[in-house]
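Visitor: Need coordinates for the following:
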Amino acid sequence: MIFYSIIKNEHTNKSNNKSPQNRYIVDIIDFLLLISPISTLFPFAWITGHYVDINDLDKANSIQNT
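Guide: Just a heads-up that it's a prediction; the model follows:
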C-alpha cells in the first residue's frame with residue numbers, strides 16, 4: 001500500500017497573496033540594475049570612438065582610463 005500525505009501550509013499561501021505590489025517594485029529595481037551598465041558604458045564607448053576617429057588619441061586614452 002502507498003500512502004500519500006499532504007502538508008497544508010496556510011502561511012505560505014497568505015504571504016503570496018499579501019503584497020503583489022512588492023513584486024512590481026522588485027521587477028523595476030531589477031530592470032534598472034540590468035539597464036544601468038549599458039546606459040553608462042555606451043556613452044563612454046561612443047565618445048572614445050569619436051576621439052579616435054578624429055585622431056585625438058590623448059583624449060581617447062584619458063576617457064578610456066576613466
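Visitor: going forward, measure contacts between C-alpha atoms and count neighbours the same way
Guide: Noted.
Visitor: which residues sit in contact with the spatially closest residue to I63 that is not a sequence neighbour?
Guide: Closest residue to I63 apart from its sequence neighbours, by C-alpha to C-alpha, 6 or more residues apart in numbering: T48 at 6.4 Å. Going by C-alpha atoms under 8 Å, 6 or more residues apart in numbering, T48 touches 59-61, 63-64.
Visitor: Could you provide the residues you listed in TSV, with additional columns for pLDDT?
Guide: Listed next are the contacts of T48 as TSV, based on pLDDT from 0 to 100:
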residue	pLDDT
K59	83
A60	80
N61	82
I63	75
Q64	66
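Visitor: Using CSV, lay out the residues you listed together with neighbour count and secondary structure.
Guide: Output for the contacts of T48, formatted as CSV (neighbours: other C-alpha atoms under 10 Å; DSSP: H, G, I helix; E, B strand; the rest coil):
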residue, neighbour count, secondary structure
K59, 15, helix
A60, 20, helix
N61, 13, helix
I63, 14, helix
Q64, 13, helix
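Visitor: and the gap between T48 and P37?
Guide: 17 Å (C-alpha to C-alpha, to the nearest Å).
Visitor: same check, this time on F31
Guide: If you go by C-alpha to C-alpha, the gap between F31 and P37 works out to 11 Å.
Visitor: could you pull out the helices for the chain?
Guide: 10-18, 20-53, 57-64 (DSSP state H).
Visitor: most packed of those helices?
Guide: Counting by mean count of other C-alpha atoms under 10 Å, helix 57-64 has the highest mean neighbour count of the helices of the chain, with a mean of 14.
Visitor: quick one, that helix and helix 20-53 angle?
Guide: Here the directions of helix 57-64 and helix 20-53 differ by 160 degrees (axes from the mean of the first three to the mean of the last three C-alpha atoms, to 10 degrees).
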